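Q: My questions concern the predicted model and sequence given below.
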Amino acid sequence: AQTVTQSQPEMSVQEAETVTLSCTYDTSESDYYLFWYKQPPSRQMILVIRQEAYKQQNATENRFSVNFQKAAKSFSLKISDSQLGDAAMYFCACPRGGATNKLIFGTGTLLAVQP
Amino acid sequence: GAVVSQHPSWVICKSGTSVKIECRSLDFQATTMFWYRQFPKQSLMLMATSNEGSKATYEQGVEKDKFLINHASLTLSTLTVTSAHPEDSSFYICSGGTAYGYTFGSGTRLTVV
């Protein structure tokens, strides 16, 4: 069965500093996407970044980047120059069955940003 | 990008009544949409897959007679919680889109009293 594990229930970072959120997953698929979603207090799910498994290059979106280690099935999210608005719950997600859009979510990491 | 509109944002209902939650794809056609449930401070759990023009497929442990899903058009999927009980109180979220990017509705907070 596919699983997604986030081992850090809570993290804290100082404003303007860098923080890395960890995620490991288990899948038997060879072609798949991986996602990080942000859920602020409004509870709206917001896509932060997406990584295609067949691409070796790590995805980057402005201050957000990933460290994708396919062999290790690791997909961590790095947030640079942290801002107060980054405070939220962050979920790592992997589609079940590879390229389908049925997402399996990790348990989440609650990120606090200290001013 | 793909936009999903979900209504209502919150609803309070009496135990034993039914509640309908709507999820609309505003700028794309959704042959498939997904319904999730989220308990406080927990992750999203997939409940069912809504398929346009056919029956929904439910995840193991989800009562299909309790959570009725209808996907009659390419832009509308509905989730009806029938004979609601306090244990059905939760946050329900729909999702649609493509493998390039899944878009979520804003969610519905259901409270059954």
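A: Nice, I can see it.

Q: Report the contact partners of A:Glu10.
A: Neighbouring residues of A:Glu10 by Cβ atoms under 8 Å, 6 or more residues apart in numbering or on different chains: A:109-112. For glycine as for every other residue, the C-beta is placed from the backbone atoms N, C-alpha and C.

Q: try 7 Å this time
A: A:109-110 (Cβ atoms under 7 Å, 6 or more residues apart in numbering or on different chains).

Q: Within the helices and strands, which one has the spatially most central residue of chain A?
A: Centroid check for chain A by Cα atoms, centre = their mean gives A:Trp36 as the closest residue, at 3.2 Å. Taking DSSP states H and E as the criterion, A:Trp36 maps to strand A:33-39.

Q: In PDB, list the C-alpha atoms belonging to whichever helix or strand comes after that strand.
A: Once the chain leaves strand A:33-39, the next helix or strand it forms, by DSSP H and E, is strand A:46-52. The C-alpha trace of strand A:46-52 is given here as PDB (Å, rounded to 0.1, in the frame of the first residue of the first chain):
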ATOM      1  CA  ILE A  46      -3.000  25.600  -1.700                       C
ATOM      2  CA  LEU A  47      -0.600  23.900  -4.000                       C
ATOM      3  CA  VAL A  48       3.000  24.900  -3.000                       C
ATOM      4  CA  ILE A  49       5.100  22.900  -5.400                       C
ATOM      5  CA  ARG A  50       5.000  19.800  -7.600                       C
ATOM      6  CA  GLN A  51       7.700  17.400  -8.600                       C
ATOM      7  CA  GLU A  52       7.600  14.900 -11.500                       C
END
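
Q: do strand A:46-52 and chain B meet?
A: Yes. Interface with chain B: strand A:46-52 contributes A:47, A:50 (Cβ under 7 Å from any Cβ of the partner chain).

Q: Close to chain A: what parts of chain B are there?
A: Counting by Cβ under 7 Å from any Cβ, the positions of chain B adjacent to chain A are B:32, B:34, B:43-44, B:46, B:49, B:91, B:93, B:97-99, B:101-102, B:104, B:106-107.

Q: Out of those, which one has the lowest pLDDT?
A: Lowest pLDDT within the residues of chain B next to chain A is found at B:Ala99 (58).

Q: and B:Ser81, what does it touch?
A: Wrong residue type there; residue B:81 is Val, not Ser. B:18-19, B:66-67, B:88, B:110.

Q: Please identify which residue in chain A comes closest to chain B.
A: A:Met45 (3.8 Å; Cβ to the nearest Cβ).

Q: Make sure that residue is actually in contact with B:Phe104.
A: Yes. Counting by Cβ atoms under 7 Å, A:Met45 touches B:Phe104, with 3.8 Å between them.

Q: Pull up the overlap in contacts between those two.
A: By Cβ under 7 Å, 6+ apart, A:Met45 and B:Phe104 have these common neighbours: B:Ile93.

Q: that older thread, identify all contacting residues around the strand holding A:Trp36.
A: Defining contact as Cβ under 7 Å, 6+ apart, one finds that strand A:33-39 is touched by A:25, A:45-53, A:75, A:77, A:88-95, B:99.

Q: same thing but 8 Å
A: With Cβ under 8 Å, 6+ apart as the test, strand A:33-39 has contacts from A:21, A:23, A:25, A:45-53, A:64, A:66, A:68, A:75, A:77, A:86, A:88-95, A:99, A:103, A:105, A:108, B:99, B:102, B:104.

Q: Right, I'll call it a day here.
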